[in-house]
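Student: Sharing a model that was predicted from the sequence below.
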Amino acid sequence: MSKFSIAIHGGAGALSDVSEHRTALTEIINEAANLASNASAIDVVERTVVLLENHPLFNAGKGSVLNNKGEVECDAAIMNGTDLDAGAVAGVRGIKNPVALARKVMSDSEHVMLVGDGALEFAASVNAPTEQLDYFVVESRLKQLEEAKKAGKVVLDHSDTEEEKLGTVGAVAIDDKGNLAAATSTGGIVNKKFGRVGDSPVVGAGVYAENGLCAVSATGFGEQFLRTTLSKHIGDWMRYNHVDAQSAAQAGIDYLVEKVNGLGGVIVVDANYNIGIAHSTPLILSASICSGETGARLDF
Ligand code: GLY
């Protein structure tokens, strides 16, 4: 069997009933482990995030939260630690799997990020699968938007309390060649302004991967992760302090809290195949598995 380590997340927050999330993440991490036995890290993170995007429970692809117009606008990014190649899309509508489109931006264009109508034009040119807009909207998100509008607030996803709703999905992986990769995808935050872009598609904020160091995927209040460039901060912390994934993940969250009183979490895998998971929310919906282990670890 090939050597690998993988971690995934389905957002952070303060849910009291996580039974459905446990079932979903167990299935998805096991599928990711099967993929990892003969796929590169970049393929594993893309295909795993596609599974998360297709699951209506999570805030990405189908199941995304709604903006202040009651619409779904998705952001996603993918990064290859081998050569720091990256692709991202922001504010896209009707794209079934934004992470797969981000991968196409990386592989089939000379750019890193495409947004809005330009991203859709590019999507058509690479035959990216699309869905009718109502495919993305699940019942619970309509209620969530109604509550947020009533309260006059922009709120995050995944919580029983309005103040602590966080969402986003992501995956980080290292393969048997030591290649690191990360991917992050999201519908953003509930009742966000039309056109708002968060951290998820921004390299260094919601996603980062660099061979020899680590791969990072973040979840939380995007504005705080943008202002702290948190994923790159974690990579640099590791570079200069020579610590493992867990220490770097915790250092990142400590910085997030210290600087901007930030809410969220990160998953990290390092070049020595260690996994790190840290959060400033009560929980992060995360799961991980390394080659040779008999089962996945769920950290919530
Ligand atoms: N972290 C996801 C967002 O704020 O859009």
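Tutor: Nice, thanks for sending it over. Model, not experiment: these values are computed from the prediction. Residues are numbered from 1 along each chain as shown.
Student: does residue 89 sit in a helix, a strand or a coil?
Tutor: strand (DSSP: H, G, I helix; E, B strand; the rest coil).
Student: And the strands in the stretch 51-200 of the chain?
Tutor: Ranges of strands in the stretch 51-200 of the chain, per DSSP state E, counting those that start in this stretch, are 74-80, 85-92, 113-115, 169-174, 180-186.
Student: okay if I get those strands as JSON lines plus mean neighbour count?
Tutor: (C-beta placed from N, C-alpha, C; glycine too.) Below are the strands of the stretch 51-200 of the chain laid out as JSON lines (neighbours: other C-beta atoms under 10 Å):
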{"stretch": "strand 74-80", "mean neighbour count": "31"}
{"stretch": "strand 85-92", "mean neighbour count": "25"}
{"stretch": "strand 113-115", "mean neighbour count": "20"}
{"stretch": "strand 169-174", "mean neighbour count": "33"}
{"stretch": "strand 180-186", "mean neighbour count": "33"}
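Student: TSV for those strands, including distance to the ligand?
Tutor: TSV is the format used below for the strands of the stretch 51-200 of the chain (distance: least, C-beta to the nearest ligand atom, whole Å):
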stretch	distance to the ligand
strand 74-80	6
strand 85-92	10
strand 113-115	14
strand 169-174	9
strand 180-186	4
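Student: now those as CSV including distance to residue 15 and mean pLDDT?
Tutor: Listed next are those as CSV, based on distance: least, C-beta to C-beta, whole Å; pLDDT from 0 to 100:
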stretch, distance to residue 15, mean pLDDT
strand 74-80, 22, 98
strand 85-92, 27, 98
strand 113-115, 31, 98
strand 169-174, 15, 98
strand 180-186, 17, 98
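Student: Go through these and name the closest to residue 27.
Tutor: Of all these, strand 169-174 sits nearest to residue 27, with 13.8 Å by C-beta to C-beta.
Student: which SS state does residue 42 fall under?
Tutor: Residue 42 - assigned by three-state DSSP - is helix.
Student: residues contacting it?
Tutor: Residue 42 makes contact with 78, 80, 82, 103, 179, 181, according to C-beta atoms under 8 Å, 6 or more residues apart in numbering.
Student: Near the ligand, which residues of the chain? Just list them.
Tutor: Counting by C-beta under 6 Å from any ligand atom, the residues of the chain lying close to the ligand are 168, 186, 188-189, 198-200, 206, 219-222.
Student: hang on, the earlier thing: so which two of the contacts of residue 42 are the farthest from each other?
Tutor: Longest span within those, C-beta to C-beta: 103 and 179, 14.8 Å.
Student: Which one of the two is surrounded by more residues?
Tutor: residue 103 (29 against 20; other C-beta atoms under 10 Å).
Student: Surely the more buried one touches residue 77?
Tutor: No. Between residue 103 and residue 77 there is no contact, the gap being 9.6 Å when judged by C-beta atoms under 8 Å.
Student: between these two, what contacts are shared?
Tutor: Joint contacts of residue 103 and residue 77 (C-beta under 8 Å, 6+ apart) are residue 87.
Student: how big is the angle separating the biggest helix by length in the chain from strand 169-174?
Tutor: With secondary structure taken from DSSP state H, the chain has its longest helix at helix 19-36. Between helix 19-36 and strand 169-174, the angle comes out at 30 degrees (axes from the mean of the first three to the mean of the last three C-alpha atoms, to 10 degrees).
Student: average pLDDT for helix 19-36?
Tutor: Averaging pLDDT along helix 19-36 yields 96.
Student: Which helix or strand in this structure has the lowest average pLDDT?
Tutor: Every helix and strand of the chain was ranked by mean pLDDT, DSSP states H and E. The lowest is helix 139-151, at a mean of 79.
Student: Please export the C-alpha coordinates of that one as CSV.
Tutor: Only the C-alpha atoms of helix 139-151 are listed here, as CSV (Å, rounded to 0.1, in the frame of the first residue of the first chain):
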residue,chain,number,x,y,z
GLU,A,139,-34.5,23.6,2.8
SER,A,140,-32.5,24.3,5.9
ARG,A,141,-30.5,27.1,4.2
LEU,A,142,-33.8,29.0,3.4
LYS,A,143,-34.7,29.0,7.1
GLN,A,144,-31.2,30.0,8.0
LEU,A,145,-31.3,33.0,5.7
GLU,A,146,-34.7,34.1,7.0
GLU,A,147,-33.4,34.0,10.6
ALA,A,148,-30.3,35.9,9.6
LYS,A,149,-32.3,38.6,7.8
LYS,A,150,-34.7,38.9,10.7
ALA,A,151,-31.7,39.4,13.0
